[in-house]
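K.L.:
Model the following, please.
(2 chains)
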Amino acid sequence: MTTKTISESEIVATAIFSCVSFLLMGLVLILFFYFSRKKITQKELEKRDLEIQYQKEQLHAIIVTQEEERKRIAQDLHDDISSKLNIVSLNTHLLSAPNLTEVETKEITDNIISLTTKALENSRKIAHNLLPPVFEKFGLSAGVEELCAEFESSKSVKVFYNNEIDFDENDIDRHLHVFRILQEFMNNSLRHGKASEIKISFLNNNGVSTCNYEDNGIGFDSKNSENQKGLGMKNIDSRISFLNGTIQISSEINKGFIANFTF
Amino acid sequence: MHSFLINFGYILLLLNFILFAIKFPGKNIAYKIFTFYLFVIICVQIGAKICLLKRIPNLFLSHVYFIGQFAILSLFYLKLVRDQFQQKVIKIGFVLVLSTLIIQYGLKPEMFLKFNLYEIFITSFLLIIYSVFHFYNMLDDVKEFYFINMGILLYLFASTILFLIGNLTAKFSKDLSMITWTLNAFLVIVNNLFYLYEWKISYYKKAITNSN
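P.N.:
Numbers count the residues shown, from 1 in each chain, chains lettered A, B, ... in the order given. This is a model prediction of the structure:
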């Protein structure tokens, strides 16, 4: 066998190739690291943008609701109280006119009394609508019961209410959200759903308070996202997120409306 | 020790090929290309063994190995990456490497009987880049061929150096040169264990849930 000698050029070539390949592999790793970081940062930014967008929408919904509520209260005050007090004021001026007969005075006084009674009743109704005193004094269950009774007496709808939970009075702030959600649902059932029967029940599911709501109205297509963008639904979503709960809504056209939420 | 490691590597390779071939029907193109890659590697190994038995120098098979591996894995990554730029890089690299190698061997046919440093370097290096492309794409995507990619990257990193010094080790005494090739055999085993793990994670369990 011939002795094998390694030529210098071969060693140098090997060394150079090894060196260059290590260098380039290192470069590849550095570039990988650089672009990965860029990509991850970008994803995080996108996520944050989405969150901000969502928060903005919620804020917008809150502001719009607030304005609507103010408008409604202003209208109520104007229509039901100011107008009546106006007439009362007119009548009192009449009363101060000279030469009134006894009959006239009595007529005017009766008028004033009836108008103030009405104004008083209306102001109580407005205050009651804003925050039902029964809810404040006796808690959620009584509040919902009264709400149901009100709906039954004033509108042509049957309401079945069933409660299996003993509500803690200290949680009244949270319960107000539940109450508002139910109020919104019931208003929707009547106004949009034309329902004639509503079922509400509070259940305790393994320590999680759950509310089931059902009506037999005309329903809507819950898969259509257009139906979930209304102000009312946005408000309900906000309230649910305040409560750290979850909500499931299912409805089909002509099949009524069902909602379950936890709180 | 040395022959045991090498044979164990072969057995693992054969096992991987069989396992991947069993689940062959109904898989995507990348999976089929990878299975074909395993098949080609087995052919190269069998060819090398035959040459060894017939006492023919089998170093020319290294070119089949490097070029074949490069060509098949290029197609594999071409099917995996979806980014336009990356696909373009893979296509250009494919044409460039093959044409330069054809020119090189046309001009110097005697290169065929030695380790070709340029060939080893360029084919391994481009595959490393493609593998990194795939890792980059998997950062925010589903992990497809995750462990296979890991195995390929690890093996290429280490084996490239071993092959680059191949011409030198060929002139070492047999005992010494065996050390580097034992190391390579160990790397082959690690690589194949990655393939095997990928098969177990991605395809074995799916087959069970499908049959239920």
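K.L.:
which stretches of the stretch 151-263 of chain A form helices?
P.N.:
A:172-191, A:231-242 (DSSP state H, counting those that start in this stretch).
K.L.:
Which of the ones you listed has the lowest mean pLDDT?
P.N.:
With a mean of 82, helix A:231-242 has the lowest mean pLDDT of the helices of the stretch 151-263 of chain A.
K.L.:
Tell me which of the helices of the stretch 151-263 of chain A sits nearest to chain B.
P.N.:
helix A:231-242 (26.6 Å; C-beta to the nearest C-beta). All C-beta spots, glycine's among them, are computed from the backbone N, C-alpha and C.
K.L.:
And the closest one, what does it pack against?
P.N.:
Under the contact criterion of 3 or more C-beta pairs under 8 Å, 6 or more residues apart in numbering or on different chains; DSSP states H and E, the helices and strands touching helix A:231-242 comprise helix A:8-76, helix A:172-191, strand A:247-251.
K.L.:
give me that answer again for 6 Å
P.N.:
helix A:8-76, helix A:172-191 (3 or more C-beta pairs under 6 Å, 6 or more residues apart in numbering or on different chains; DSSP states H and E).
K.L.:
hey, which of these is tucked in deepest?
P.N.:
helix A:172-191 (a mean of 18; mean count of other C-beta atoms under 10 Å in any protein chain shown).
K.L.:
how big is the angle separating it from helix A:231-242?
P.N.:
160 degrees (axes from the mean of the first three to the mean of the last three C-alpha atoms, to 10 degrees).
K.L.:
name the element the residue nearest in space to the middle of chain B belongs to?
P.N.:
For chain B, the residue sitting closest to the mean C-alpha position, by C-alpha atoms, centre = their mean, is B:Q69 at 5.0 Å. Using DSSP states H and E, B:Q69 falls within helix B:60-80.
K.L.:
Now the closest residue to chain A within chain B: which helix or strand?
P.N.:
The minimum distance from chain B to chain A, using C-beta to the nearest C-beta, falls at B:K171 (4.0 Å). Assigning secondary structure by DSSP H and E places B:K171 outside every helix and strand.
K.L.:
How much space separates A:N212 from chain B?
P.N.:
Counting by C-beta to the nearest C-beta, to the nearest Å, the gap from A:N212 to chain B is 35 Å.
K.L.:
got a pLDDT number for that residue?
P.N.:
90.
K.L.:
Pretty sure it sits against A:I200.
P.N.:
No. If you go by C-beta atoms under 6 Å, A:N212 and A:I200 don't touch, sitting 7.4 Å apart.
K.L.:
more neighbours, those two?
P.N.:
For A:N212 and A:I200, the more surrounded residue by other C-beta atoms under 10 Å in any protein chain shown is A:I200, and the numbers stand at 21 against 14.
K.L.:
For the more buried one, give me its contacts.
P.N.:
A:Y161, A:Y213 (C-beta atoms under 6 Å, 6 or more residues apart in numbering or on different chains).
K.L.:
Beta-bridge partners for it, please?
P.N.:
Beta-bridge pairing for A:I200 (DSSP bridges): A:Y161, A:Y213.
K.L.:
and the gap between it and A:D110?
P.N.:
44 Å (C-beta to C-beta, to the nearest Å).
K.L.:
contacting residues for B:L139?
P.N.:
A:S36, A:K39.
K.L.:
got the residues of chain B near chain A?
P.N.:
B:117, B:121, B:125, B:129, B:132, B:139-140, B:160-161, B:164-165, B:168, B:171 (C-beta under 6 Å from any C-beta of the partner chain).
K.L.:
Farthest pair within these?
P.N.:
Distance extremes for those: the farthest pair is B:D140 and B:K171 at 48.8 Å, using C-beta to C-beta.
K.L.:
Give me the buried positions along the strand or helix carrying A:I87.
P.N.:
According to DSSP H and E, A:I87 maps onto helix A:83-95. For helix A:83-95, the neighbour count (16 or more other C-beta atoms under 10 Å in any protein chain shown) marks A:K84, A:V88, A:N91 as buried.
K.L.:
pretty sure the last one contacts A:S114?
P.N.:
No. Applying C-beta under 6 Å, one finds A:N91 not in contact with A:S114, separated by 10.2 Å.
K.L.:
Find residues that contact each of those two.
P.N.:
Joint contacts of A:N91 and A:S114 (C-beta under 6 Å, 6+ apart) do not exist.
K.L.:
For the closest residue to B:K114 other than its chain neighbours, which three-state class applies?
P.N.:
Leaving aside its chain neighbours, B:K114 sits nearest to B:N167 (5.8 Å; criterion: C-beta to C-beta, 6 or more residues apart in numbering or on different chains). Following DSSP: H, G, I helix; E, B strand; the rest coil, B:N167 is assigned to helix.
K.L.:
ok, now how distant is B:N167 from A:E197?
P.N.:
90 Å.
K.L.:
of these two, who's got more company?
P.N.:
B:N167 (20 against 14).
K.L.:
Double-check that one against B:F115; I have them as touching.
P.N.:
Yes. Assessed by C-beta under 6 Å, B:N167 is found in contact with B:F115 at 4.8 Å.
K.L.:
Tell me the one among the buried residues of helix A:83-95 nearest to A:T14.
P.N.:
A:K84 (104.1 Å).
K.L.:
before we move on, back to that, C-terminal to the helix holding A:I87, what's the next element?
P.N.:
helix A:102-130.
K.L.:
chain center to that next one: distance?
P.N.:
Taking the mean of its C-alpha atoms, helix A:102-130 sits 36 Å from the chain's own mean (C-alpha atoms, centre = their mean, to the nearest Å).
K.L.:
got it, and stretch A:211-228?
P.N.:
That offset, for stretch A:211-228, works out to 15 Å (C-alpha atoms, centre = their mean).
K.L.:
Repeat that for stretch B:182-199.
P.N.:
The answer for stretch B:182-199 is 11 Å, by C-alpha atoms, centre = their mean.
K.L.:
And stretch B:66-75, by the same measure?
P.N.:
8 Å.
K.L.:
Flag every buried residue along that stretch.
P.N.:
Buried-residue list, stretch B:66-75, by 16+ other C-beta under 10 Å: B:F66, B:I67, B:G68, B:Q69, B:F70, B:A71, B:I72, B:L73, B:S74, B:L75.
K.L.:
wait, which of those residues is closest to A:I249?
P.N.:
B:L75 (49.3 Å).
K.L.:
Angles on the backbone of B:S177, please.
P.N.:
phi -70, psi -30 (degrees, to the nearest 10).
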